[in-house]
Every structure is written in structure tokens, then in C-alpha cells.
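In: here is a sequence together with a model predicted from it:
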Amino acid sequence: MGDRKPFPILLLAAGALALFIGALVLVLFVSMKKESNEELCRANLTVLGMAIRVGELPSSPKWDAMGKGRDFFRNQEKWPTYQQRELDLYCPVLATRKDCDYRGPAKLLREIRNDEPIAADRIGNHGPEKGGNVLLKTGAVHTAGLKDALWTAAGQTTSD
């Protein structure tokens, strides 16, 4: 009975430790990727806001013909802006590139107050039972939870 060696037990313990560390690294990587995609989504909306503000003022009637909802973004080539640049209309959190992933203004841009949303993630972009990012007319972008007042306001001033 004295010839038992602890070597296989140590090997088994080292293998279990390696699996644990590998799983921990994987969880951290997935979490960082999701946060990175949420930051890219905020950046997309920030660039959309800048593109709107580098031309005619948002209070100008020249914006009236751009449409509402996602059509507003689909008509970006007709926007009364000084710079025409390609815009990324796809939410990286959702990770599909089928159609515009952001809700646009539900009414004329000039009818929306500065403290109100003009664009937001579509419902479900960031997952079920979650909110998303919201672009205010001022150009500020905020992340809002499903129950936040800002997300509720985005539901009233933005549309598909």
C-alpha cells in the first residue's frame, strides 16, 4: 500500500486548474467583446448625430423631405449636409447586416426638442428585455435600460 504515488492526482489537479483558468478567460473575453460592440453601437449613433449637424440646422425645413423612421436614414444621400459620408446603420451588438438597425425620428426633425431622442436602437438590438443607445437632437448619445425614462421617450419620438 505504500507504493501509491501522488503524481496522477497532481496531474489531475493541474488539468482541472487549467480548465478552470481557460473557462475564466473565455468568459472574460466574451464579456469584453459584448462591451466593445456596445461601444461601437454608441459610436455609430454619435457619427449619425454629427452627420446631421454638419449641414443645415436640424430646425431647417430642408430636413422635412427626408422621411421618418428608418426611411430617414435610408435617405441619407439626400440629407442637406455639407459632407456626404458613408454611415454605418447596423448595430454591432445585433451582428446582422440585413437592414437599418436604428429607429429614426417619428416626426419632422424640427418638431423634436433638443432634449428629445431623434434616433435609437431598435427594440431587441441589444438582446431581449434590454434597452439600447439613444441619440438626442443635441448629438449626445446615452445608453438606456428598458425601464429608463429616456428609453420610453425614444419610443415616443423615434419609430421604425
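Out: Yes, it's here.

In: centre of the chain versus stretch 152-160, how much separation?
Out: Counting by CA atoms, centre = their mean, to the nearest Å, stretch 152-160 is centred 15 Å from the centre of its parent chain.

In: which of the residues in that stretch are buried?
Out: 153-154, 157-159 (16 or more other CB atoms under 10 Å). No exception for glycine: its C-beta is placed from N, CA and C like everyone else's.

In: what do you get for stretch 119-132?
Out: Neighbour counts over stretch 119-132 (16+ other CB under 10 Å) mark 119-123, 125-126, 130-132 as buried.

In: which one of these sits closest to G67?
Out: Nearest to G67 out of these is A119 (CB to CB; 13.0 Å).

In: which strands border the helix or strand harbouring that closest one, and is each parallel or antiparallel?
Out: Using DSSP states H and E, A119 sits in strand 117-121. Strand 117-121 sits in its sheet next to strand 102-105 (antiparallel), strand 132-136 (antiparallel), going by DSSP bridges.

In: those: which one's closest to E56?
Out: Of those, nearest to E56 by CB to CB is strand 102-105, at 14.6 Å.

In: quick one: mean pLDDT over the closest one.
Out: Mean pLDDT, computed over strand 102-105, is 94.

In: just the CA trace of that strand, in PDB.
Out: Extracted in PDB, the C-alpha atoms of strand 102-105 (Å, rounded to 0.1, in the frame of the first residue of the first chain):
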ATOM      1  CA  TYR A 102     -31.700  52.200 -35.800                       C
ATOM      2  CA  ARG A 103     -35.100  53.900 -35.400                       C
ATOM      3  CA  GLY A 104     -35.300  57.300 -36.900                       C
ATOM      4  CA  PRO A 105     -37.300  60.400 -36.000                       C
END
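
In: what residues does it touch?
Out: By CB atoms under 8 Å, 6 or more residues apart in numbering, the surrounding residues in contact with strand 102-105 are 44-45, 48, 67-73, 89, 91, 112, 118-122, 154, 157-160.

In: before we move on, back to that, farthest pair in the buried residues of stretch 119-132?
Out: Farthest pair in these, by CB to CB: A119 and K130, 17.3 Å.

In: sorry, back to before: which of the buried residues of stretch 152-160 fall within strands?
Out: Per DSSP state E, strands hold the following members of these: 158-159.

In: could I get the buried residues of stretch 152-160 in TSV, plus columns for pLDDT and distance to A144?
Out: Below are these laid out as TSV (pLDDT from 0 to 100; distance: CB to CB, whole Å):
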residue	pLDDT	distance to A144
A153	96	9
A154	95	7
T157	95	13
T158	95	12
S159	93	16
